[in-house]
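> curious how this folds, go ahead:
(one chain, ligands or ions: 1)
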Amino acid sequence: MNMRHSIGLGRIFGIPLRLHYTWFIIFVLLTISLVVYFPGDYPLEQRILSGILTSGLFFASIVAHELAHSALAIHNHIAVKDITLFVFGGVSQITREATHPRTEFLIAVVGPLASLALGGIFYGVHLLLAAHPLLAAFMLWLAIINVILAVFNLVPGFPLDGGRMLRAIVWQRTNNYQKATSIATKVGRGIAYAFIAVGIVIALAYHSWLNGLWLVFIGWFLHDAARASYQQALLREYLSGITVRHVMDHGCPLVARDFSLRDLAQQYILPTGRTCFPVTREAELEGMITLQQIGKISKAKWDSTLVQDVMTPASKLKTTYPDQDILALLQEMNNEIANHMPVIERGKVIGVLNREDLNRFLRTRTSLGMMRLVN
Ligand SMILES: [Zn+2]
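Sure thing, here's the model as predicted:
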């Protein structure tokens, strides 16, 4: 699920609300099928209006479900980055995982509870609107869909709410977060395969292609989500406490802007084998020059071309600082590809963070982590 394909909708209780583009497809499909499924003797415009209202209330139900998660997270001092609504519901992007199984369980369980409560409320409204059968029917649909939402989310496969609850329980029992995540993910994958298998059976044996395909689609989505969430969980685990200082290149030579490219090549590039150099004056950042930039200049011009003619000026560089959290930085780097970032401390350049070093660091950490899981 790529959260970048989404648009901002403003804030609700201070939490940014985002809409994934798949939501628009669902909103239109839902409104159309509501209008088609509940015909009655009502004028078309009245049915369309009720359909839109019902889709809107369904949307609000999912927001309420996610807000319940977010409220509990915030109550436990876990900041919520945003809430994104997409095809199957919503995702609350919390900035870190809970540190206690009890907290994790509470944050997870409160979403389905909110959906169940909404189901009850819509059922009550359905009874009150008995005089208006069309609206009453839509309210009953909302009551049922909220109960389905609660039940679906209680399926014990990670990363669904039920999977998080399962992980919290295993975590509490074993006191091993990684093992708990691994078990909850395996159960999640098993459930995903079950959805796919049942979908295929329904499609082939009962020729109910649409329902079958729908189940296969949900299974496929769950499988993907389980894998992505597991990797995310591992990454969080391996990178907790790691900052830029641990990964940065401390020995990168600083060069002056009035160096010729030939001097740079002979004195720095060839002896050090490095590919990127901060350009500084008294250790203050003025720019950055990379092997790639130098390679674009023909060798005949290396004597007459200076570093400052080729470098990227400091104003166009993204910088970082030694105590920056690697996880937070990775999220930033994903959005804005920077292969080399000067590391600044008290106004002076103290090194460079290279994407390549970072990737190598991640690979090493991950393979060591895998060994720990196997043992
Ligand atoms: Zn939920």
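> for the rest of this, base every contact and every neighbour count on C-alpha atoms.
Noted.
> for the closest residue to Met311 other than its chain neighbours, list each beta-bridge partner.
Closest residue in space to Met311, ignoring its immediate chain neighbours: Ile289 at 4.5 Å, by C-alpha to C-alpha, 6 or more residues apart in numbering. According to DSSP bridges, Phe277 are recorded as the beta-bridge partners of Ile289.
> surely Ile289 and Ala314 touch.
No: shown here, Ile289 and Ala314 do not form a contact pair, counting by C-alpha atoms under 8 Å, at 10.4 Å.
> more neighbours: the two, which one.
Neighbour count, other C-alpha atoms under 10 Å: between Ile289 and Ala314, Ile289 has more, with 22 against 17.
> ok, the residue nearest to Met311 - contacts?
Contact analysis of Ile289 by C-alpha atoms under 8 Å, 6 or more residues apart in numbering lists Cys276, Phe277, Pro278, Val279, Val307, Val310, Met311, Thr312.
> and it, how close does it get to Arg245?
22 Å (C-alpha to C-alpha, to the nearest Å).
> so when I look at Pro342, I'm seeing a strand, right?
Yes: per DSSP: H, G, I helix; E, B strand; the rest coil, Pro342 lies within a strand segment.
> for it, give me the pLDDT.
Looking at Pro342, its pLDDT is 88.
> grab the nearest non-local neighbour of it.
Looking at Pro342 with C-alpha to C-alpha, 6+ apart, the closest residue is Val352, at 4.4 Å.
> look up phi and psi at the one you found.
With angles defined as degrees, to the nearest 10, Val352 sits at phi -130, psi 140.
> what does stretch 162-175 contact?
Here stretch 162-175 has contacts from 101-102, 104-105, 108-109, 153-158, 176-177, 179-181, 183-185, 187-188, using C-alpha under 8 Å, 6+ apart.
> pLDDT averaged over the helix or strand harbouring Leu19 - what is it?
Per DSSP states H and E: Leu19 is located in strand 15-20. Mean per-residue pLDDT for strand 15-20: 80.
> report all helices and strands that it contacts.
strand 6-12, strand 80-86 (3 or more C-alpha pairs under 8 Å, 6 or more residues apart in numbering; DSSP states H and E).
> list the buried residues in it.
For strand 15-20, burial by neighbour count (16 or more other C-alpha atoms under 10 Å) applies to Ile15, Leu17, Arg18, Leu19, His20.
> wait, a helix at Tyr238?
Yes: if the criterion is three-state DSSP, then Tyr238 is within a helix.
> could you give the number of residues near it?
Using other C-alpha under 10 Å: Tyr238 sits among 16 other residues.
> what's the nearest residue to it if we skip its chain neighbours?
Arg365 is the one closest to Tyr238 (C-alpha to C-alpha, 6+ apart), at 6.4 Å.
> helices along the protein, start to end?
Ranges of helices within the chain are 22-37, 44-75, 101-128, 133-153, 161-174, 177-206, 209-239, 244-247, 261-264, 270-272, 291-295, 307-310, 326-335, 355-374, based on DSSP state H.
> and the angle from the fifth one to helix 177-206?
The reference is to helix 161-174. 140 degrees (axes from the mean of the first three to the mean of the last three C-alpha atoms, to 10 degrees).
> which positions in helix 161-174 come out as buried?
In helix 161-174, counting by 16+ other C-alpha under 10 Å, buried: Asp161, Gly162, Gly163, Arg164, Met165, Leu166, Arg167, Ala168, Ile169, Val170, Trp171, Gln172.
> just send those residues back as CSV, with pLDDT too.
Converted to CSV, these look like this (pLDDT from 0 to 100):
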residue, pLDDT
Asp161, 89
Gly162, 91
Gly163, 88
Arg164, 88
Met165, 92
Leu166, 91
Arg167, 89
Ala168, 91
Ile169, 93
Val170, 91
Trp171, 89
Gln172, 90
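> now do the contacts for Met341.
Contacts of Met341 by C-alpha under 8 Å, 6+ apart are Leu317, Lys318, Thr319, Thr320, Val352, Leu353, Asn354.
> between those residues, which sits nearest Ala205?
Asn354 (55.0 Å; C-alpha to C-alpha).
> what's opposite the closest one in the beta bridge?
His340.
> which residues does it contact?
Met248, Asp249, Asn339, His340, Met341.
> per-residue confidence at the third one?
Right, the one you point to is Asn339. 79.
> can I get stretch 203-216 in PDB? Just the C-alpha atoms.
In PDB, the C-alpha atoms belonging to stretch 203-216 read as follows (Å, rounded to 0.1, in the frame of the first residue of the first chain):
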ATOM      1  CA  ALA A 203     -15.800 -19.000  -8.000                       C
ATOM      2  CA  LEU A 204     -15.200 -22.500  -9.600                       C
ATOM      3  CA  ALA A 205     -17.700 -24.700  -7.700                       C
ATOM      4  CA  TYR A 206     -20.600 -22.200  -7.400                       C
ATOM      5  CA  HIS A 207     -19.800 -20.100 -10.500                       C
ATOM      6  CA  SER A 208     -20.200 -17.100  -8.200                       C
ATOM      7  CA  TRP A 209     -17.300 -15.300  -9.900                       C
ATOM      8  CA  LEU A 210     -17.700 -11.800  -8.400                       C
ATOM      9  CA  ASN A 211     -17.900 -13.000  -4.800                       C
ATOM     10  CA  GLY A 212     -15.100 -15.500  -5.400                       C
ATOM     11  CA  LEU A 213     -12.800 -12.800  -6.900                       C
ATOM     12  CA  TRP A 214     -13.700 -10.400  -4.100                       C
ATOM     13  CA  LEU A 215     -12.500 -13.000  -1.500                       C
ATOM     14  CA  VAL A 216      -9.300 -13.700  -3.500                       C
END
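> distance between it and the chain's centre?
30 Å (C-alpha atoms, centre = their mean, to the nearest Å).
> so that it lines up with my notes, have the first residue be 380 from now on.
Understood, numbering begins at 380; the last thing we discussed is stretch 582-595.
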